[in-house]
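Colleague: With the input below, show me the fold.
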Amino acid sequence: MSNNKKNTPYFTSQDKSLIAPPLSNDQAAVEEIVKAYRQHIGKTSDDVAFDSMQKATPELNIMESEDNMPHSIHGDKMVIRMEKSGHGIHGSNRGKDKDGKKRLHAGLDILTLGKDKSINAAFSGTVTKTGYFYDDNKTQYVDVYDGNYTVRYAYVTPGVEKGDVIKAGDEIGLKMRPWSWDHNKKTGKREDKGISDHVHVEVVPGDIWDRDKRIDPNEIFRIGK
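Modeller: Okay, the predicted model is just below:
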């Protein structure tokens with residue numbers, strides 16, 4: 001390989017070992033950004049200076065999002081609902097819809113057992129919408145855009161409003177128990193359906209909600225991974 005060839009990604013020494021080319025000014029700048037980021041993670045750099053750099057440098061936002069492990073939405077650990085009444089994993093069988101077609105679970109059910117009703121954001125971001133999950137005007141949800149994905153937290157009574165900026169771990173609302181989980185929809189009589197308290201989360205790429213673009217939420221929640 002010739003050393004004077006343009007656009008050559010690597011040079012070779014006489015013993016044929018690879019030698020990285022000298023850094024360009026842009027690459028050197030990125031190296032400094034990476035160094036500053038690592039110092040920040042280790043709590044050894046000045047946080048104010050780092051935050052100023054972060055606002056001016058998109059690369060830092062990308063690196064931080066890659067290292068952004070999800071915060072538990074309830075309690076210390078997130079657990080997927082697995083019950084006879086329905087498995088909470090994405091794509092599990094949900095019987096048939098009103099047209100007789102096979103219905104698959106489009107989200108991920110995360111257990112929210114216990115007396116604590118607070119539901120926390122898994123990721124930092126901006127609240128883009130709150131509303132009703134079904135057409136019953138009772139069961140509610142909160143949408144949060146984290147810069148890459150919109151996460152919909154359903155079966156949550158909102159404690160935030162559109163435009164609120166939140167951090168991972170901030171409370172976004174309270175868990176709710178939909179009436180339909182404990183009652184026969186036709187008769188109205190109370191019956192045990194074996195459905196434990198949980199939050200149903202759905203995820204779409206981008207900041208515009210499109211139910212046809214929903215992905216497996218566990219791609220970013222990484223429960224059990």
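Colleague: measure stretch 146-161 end to end?
Modeller: Stretch 146-161 has an end-to-end distance of 15 Å (criterion: CA to CA, to the nearest Å).
Colleague: what comes up buried for it?
Modeller: Residues of stretch 146-161 classed as buried by neighbour count (16 or more other CB atoms under 10 Å): 146, 148-158, 160. The C-beta positions use only the backbone N, C-alpha and C, and glycine is treated the same way.
Colleague: Please parse this protein into its domains.
Modeller: Following automatic domain parsing, one finds the domains of the chain at 11-66, 82-221.
Colleague: Tell me which of the ones you listed sits nearest to residue 74.
Modeller: domain 82-221 (4.3 Å; CB to CB).
Colleague: Please work out the average pLDDT along the closest one.
Modeller: For domain 82-221, mean pLDDT is 94.
Colleague: before we move on, the earlier item: quick one: which of the buried residues of stretch 146-161 is nearest to residue 167?
Modeller: residue 146 (10.7 Å).
Colleague: re earlier: could I get the domains of the chain as CSV with distance to residue 76?
Modeller: CSV is the format used below for those (distance: least, CB to CB, whole Å):
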stretch, distance to residue 76
domain 11-66, 22
domain 82-221, 11
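Colleague: For those domains, state which one has the densest average packing.
Modeller: Comparing these by mean neighbour count (mean count of other CB atoms under 10 Å), domain 82-221 comes out on top with a mean of 16.
Colleague: now the end-to-end length of it.
Modeller: With CA to CA as the measure, domain 82-221 spans 17 Å from end to end.
Colleague: Repeat that for stretch 178-197.
Modeller: 9 Å.
Colleague: Narrow the buried residues of stretch 146-161 to those in strands?
Modeller: Secondary structure from DSSP state E places 149, 150, 151, 152, 153, 154, 156, 157, 158 of those in strands.
Colleague: Once you drop chain neighbours, what's closest to the last one?
Modeller: If I follow you right, that is residue 158. residue 130 (4.2 Å; CB to CB, 6 or more residues apart in numbering).
Colleague: cool, the fourth one as well?
Modeller: The shortest distance from residue 152 to any residue that is not its chain neighbour, by CB to CB, 6+ apart, is 4.4 Å, and that residue is residue 202.
Colleague: show me what contacts that neighbour?
Modeller: 106, 107, 108, 151, 152, 154, 211, 214, 217 (CB atoms under 8 Å, 6 or more residues apart in numbering).
Colleague: Report the backbone C-alpha coordinates of whichever strand or helix holds it in CSV.
Modeller: Here residue 202 sits within strand 198-205, counting by DSSP states H and E. Listed next in CSV are the C-alpha coordinates belonging to strand 198-205 (Å, rounded to 0.1, in the frame of the first residue of the first chain):
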residue,chain,number,x,y,z
HIS,A,198,-48.7,-2.9,35.4
VAL,A,199,-47.8,-0.2,33.0
HIS,A,200,-48.1,-0.9,29.3
VAL,A,201,-45.4,0.8,27.3
GLU,A,202,-45.2,1.3,23.6
VAL,A,203,-42.3,2.8,21.6
VAL,A,204,-42.0,4.4,18.2
PRO,A,205,-38.9,6.0,16.6
